[in-house]
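K.L.:
generate coordinates for the sequence data below:
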Amino acid sequence: MLALPPHLEEMKEELASDAAQLFDVREPQETAAGRLKDAKVVPLSELQNGFTPTFDKTKLTYLHCAAGIRVHYAAPILEAMGFERVVPLQEGYGALKSLGFESS
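P.N.:
So this is what the prediction gives:
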């Protein structure tokens with residue numbers, strides 16, 4: 001298994017200690033094929049339609065999608081909804097899974 005880049009090692013530790021949360025902004029048909037164990041499914045299309053997630057808005061919130069593109073659309077929407085600390089990841093689902101993040 002590959003060594004994690006420092007920012008992902010930090011994220012893994014923050015998720016394990018419940019200091020952060022991870023949102024998967026892929027669509028339901030994508031997450032049905034597999035998702036990261038720690039990720040909460042928050043599809044970009046639902047965010048664009050005004051759905052406001054009921055998760056902790058003060059907690060550090062990491063975002064991932066399939067290829068690191070949709071997270072950049074989701075981040076400003078979540079920030080406008082009051083999420084205080086949003087971090088879009090450049091790594092997508094496949095990359096995170098290959099780096100050892102557990103999937104379900």
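K.L.:
okay, CA-based contacts and neighbour counts for the rest of this
P.N.:
Fine.
K.L.:
can you give me the strands in the protein?
P.N.:
20-24, 39-41, 60-64, 86-88 (DSSP state E).
K.L.:
pLDDT weak spots in this structure?
P.N.:
1-2 (pLDDT under 70).
K.L.:
just to revisit the earlier point, in CSV, list the strands of the chain along with distance to residue 11 and mean neighbour count.
P.N.:
Shown next, in CSV, are the strands of the chain (distance: least, C-alpha to C-alpha, whole Å; neighbours: other C-alpha atoms under 10 Å):
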stretch, distance to residue 11, mean neighbour count
strand 20-24, 8, 22
strand 39-41, 12, 17
strand 60-64, 8, 23
strand 86-88, 10, 20
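K.L.:
mind checking the ones you listed for the one nearest to residue 104?
P.N.:
Of all these, strand 39-41 sits nearest to residue 104, with 9.8 Å by C-alpha to C-alpha.
K.L.:
what packs against the closest one?
P.N.:
strand 20-24 (3 or more C-alpha pairs under 8 Å, 6 or more residues apart in numbering; DSSP states H and E).
K.L.:
go again with 10 Å.
P.N.:
Here strand 39-41 touches strand 20-24, strand 60-64, going by 3 or more C-alpha pairs under 10 Å, 6 or more residues apart in numbering; DSSP states H and E.
K.L.:
tabulate the strands of the chain (TSV), appending distance to residue 31.
P.N.:
TSV is the format used below for the strands of the chain (distance: least, C-alpha to C-alpha, whole Å):
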stretch	distance to residue 31
strand 20-24	8
strand 39-41	8
strand 60-64	12
strand 86-88	18
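K.L.:
among those strands, which comes closest to residue 102?
P.N.:
Residue 102 lies closest to strand 39-41 among the strands of the chain, at 10.0 Å (C-alpha to C-alpha).
K.L.:
any chance of a markdown table for the helices and strands packed on strand 39-41, columns distance to residue 35?
P.N.:
Output for the helices and strands packed on strand 39-41, formatted as a markdown table (distance: least, C-alpha to C-alpha, whole Å):
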| stretch | distance to residue 35 |
| --- | --- |
| strand 20-24 | 8 |
| strand 60-64 | 10 |
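K.L.:
thank you, goodbye.
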